[in-house]
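Peer 1: Got a predicted structure here, sequence first:
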Amino acid sequence: MEAAAAGRPRSLSRALAGERPAGCGCPPAPSAKAEARVLVINTGGTIGMVQDAKGLAPEANKLVNSLKKMPMLHDKAYTQETKLNNSHEFPENTLVLPVSKQNKRIFYTILELSPLLDSSNMTPEDWAKIAKKLEEHYEKYDGFVILHGTDTMAYTASALSFMCENLGKTVVLTGSQVPIYELQNDGRDNLLGALLMAGQFVIPEVCLYFYNKLYRGNRVTKVDAGSFNAFSSPNLPPLANAEVDITINWETVWRANTKKKFRVHTNMNRNVGLLRIFPGITAAAVKAFLQPPIEGIVLETYGSGNAPNNREDVLEELKKAAERKVVILNCTQCLRGSVKTVYATGQFQMLSENLRGEMTVVPTGAKISLRDSKFIQVIAKSLSISSKEELEAVRDALIPPLACAAAKLGDIDALRAIAEMGGNLSCGDYDGRTPLHIAASEGHLPLVEYLLMSGATVYARDRYGSTPLMNAIKFRHIQVINLLRETGAHLSSQDLENTGTILCSLAATGDVDGLYAWYLAGADLEQTGYDGRNPLQVAEATGQKEVLDFLRQKH
Ligand SMILES: NC(=O)C[C@H](N)C(=O)O
């Protein structure tokens, strides 16, 4: 066994030794240049507060300059020797992290909202303001961090998770308990952790990062006002842990399973409220709460959804409200557990559709786990491994290449079988190539569609920096390009770096199909190449008539 292990490639022997590589082979796939851009939207909160006569309050225009002096949050030497110093490529207030353990350079740009708020002052209008910023900058950045006060951070995270539909990029809220300007604070670690999550992993959810953990935004609650460990997600384990290594729990990550583009909803109904039942609550209080214009309430009941059924007066008020079409949603006061209809005292309306992973849905029918599958067991047996971690490591090492092989063959049934056994179809192989990269390269349209509907991300980059869209362009799969674009795939600044030269060379060789593929993917056909000429000028010079007709028509 030992001799065999010595001969194995390092990563597999690590995997077989039970060590899970960061991200279990899923994105992050370090791109060729291994760069990422993150937008930090600063809304306020303690992280950027200073002491004034009345206590702690946010101070505008202070954070960027302070961060520039913190080596763990800004690599000053790097900026001096590179373009960041005087380039138009990066917007104002762009900083850069030192290279990460995953060998990635994360550039982050800070956008400060005005006024900065203590989060106790936040309203749904502020949520809408944040959501609109996400929408406005969505295509320019790989991921997003939202700096926010801790008091209502969980509310904002939850609201944003519902406001963001078909989200394909990572959005992370964070903040701190102690201002980042103080000697001993949690702001530096929280900001760094949030940036590493948003810049290195495609976790297409609105998340909350605090004290080394990444939580689903609509599952988290503030539980401690005096500890750095301020948040808890009692009904869902964290999406990721940032300890010696960053471990992402990919099985837990929620995916939109869609072919539709990201969009934001800002039309919120404020005629809703929270009503907490307690022994002794009066019918008059319930009646007052339920008066118009109230349109819906979340009723916080006891235990697994029980309210007193010997309180005719209270029940009568709830009944009357329901008759007026007020929606009454039953939710337990307990931090852990959920509403069940097992008690006679617990008969209210419950939600049935899980929109953003806010509900724990118990799968119907026995779910076979890949760990238990015959295939993995046979391999595990032949390698004499048995622990849960080792089995998972074998699964994570084997599934991506298997899924990629199935994608190459266009074998949807095989992929379906892998997914049913708990395999993650968004995982990349040893080169960070996901099944979607392969299907896009091969031009398997139905397979691309199946993968998108199974939550595959269009933003995955392989180790060469390519996205599925870039692969579809290379092999001129027009329908695949259209479908990926429909889903929100786009070219980003790193894809466009040498595009002018590539387009000119396509023009010179008369490759109209190639130019058309770039055009559909959103490239600007008027870009100039290395010698300052654009494709049209090159086509004129080389006498490529078909190219000229095509370009003139598109100009
Ligand atoms: N730690 C904090 O950020 C608390 C602050 N009051 C806020 O929520 O803005």
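Peer 2: Cool, got the structure.

Peer 1: contacts and neighbour counts: CA atoms only from here.
Peer 2: Fine.

Peer 1: Output the set of residues of the stretch 101-250 of the chain in proximity to the ligand.
Peer 2: Contacts of the stretch 101-250 of the chain with the ligand, taken as C-alpha under 6 Å from any ligand atom, map to 118-120, 149-152, 176-177.

Peer 1: For PyMOL, what selects the buried ones among those residues?
Peer 2: In PyMOL syntax, the buried subset of those is picked out as below (16 or more other C-alpha atoms under 10 Å):
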select buried, resi 118+119+149+150+151+152+176+177
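
Peer 1: Could you find the closest non-adjacent residue to residue 99?
Peer 2: With C-alpha to C-alpha, 6 or more residues apart in numbering as the criterion, residue 99 has its nearest non-adjacent residue at 4.9 Å, and that residue is residue 105.

Peer 1: and the one you found, what does it touch?
Peer 2: By C-alpha atoms under 8 Å, 6 or more residues apart in numbering, the contact set of residue 105 is 34-36, 96-99.

Peer 1: can I get these in TSV with neighbour count?
Peer 2: Formatted as TSV, the contacts of residue 105 follow (neighbours: other C-alpha atoms under 10 Å):
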residue	neighbour count
34	21
35	18
36	22
96	23
97	22
98	18
99	15
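
Peer 1: out of those, which one sits closest to the ligand?
Peer 2: Checking the contacts of residue 105 against the ligand with C-alpha to the nearest ligand atom, the nearest one is residue 97 at 23.5 Å.

Peer 1: Quick check: that closest one touching residue 75?
Peer 2: Yes: Residue 97 lies in contact with residue 75 (C-alpha atoms under 8 Å); the separation is 5.5 Å.

Peer 1: And residue 125, how far from residue 159?
Peer 2: To residue 159, residue 125 is 11 Å away according to C-alpha to C-alpha, to the nearest Å.

Peer 1: Which one's more surrounded, these two?
Peer 2: Under the criterion of other C-alpha atoms under 10 Å, the comparison of residue 125 against residue 159 puts residue 159 first, with 20 against 12.

Peer 1: Could you say which helix or strand holds the more buried one?
Peer 2: Under the criterion of DSSP states H and E, residue 159 resides in helix 153-163.

Peer 1: can you give me how far that helix is from the chain middle?
Peer 2: Its chain's average C-alpha position is 14 Å from that of helix 153-163, according to C-alpha atoms, centre = their mean, to the nearest Å.

Peer 1: Just the CA atoms of it, as PDB, please.
Peer 2: Once side chains and other backbone atoms are set aside, the C-alpha atoms of helix 153-163 remain, and they are given as PDB (Å, rounded to 0.1, in the frame of the first residue of the first chain):
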ATOM      1  CA  MET A 153     -26.800  42.100   8.800                       C
ATOM      2  CA  ALA A 154     -28.700  38.800   8.900                       C
ATOM      3  CA  TYR A 155     -31.900  40.600   7.900                       C
ATOM      4  CA  THR A 156     -30.200  42.300   4.900                       C
ATOM      5  CA  ALA A 157     -28.500  39.000   3.900                       C
ATOM      6  CA  SER A 158     -31.800  37.200   4.000                       C
ATOM      7  CA  ALA A 159     -33.600  40.000   2.100                       C
ATOM      8  CA  LEU A 160     -30.900  40.200  -0.600                       C
ATOM      9  CA  SER A 161     -31.000  36.500  -1.100                       C
ATOM     10  CA  PHE A 162     -34.600  36.800  -2.200                       C
ATOM     11  CA  MET A 163     -34.100  40.100  -4.100                       C
END
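
Peer 1: Following element in sequence after that helix, please.
Peer 2: Downstream of helix 153-163, the first helix or strand assigned by DSSP H and E is strand 164-165.

Peer 1: Now that next one: average pLDDT?
Peer 2: Throughout strand 164-165, pLDDT has a mean value of 98.

Peer 1: Can you tell me the strand partners of it and which way each runs?
Peer 2: Each strand paired with strand 164-165, and its direction, by DSSP bridges: strand 263-264 (antiparallel).

Peer 1: So which residues make contact with the strand it pairs with?
Peer 2: Defining contact as C-alpha under 8 Å, 6+ apart, one finds that strand 263-264 is touched by 131-132, 135, 163-167.
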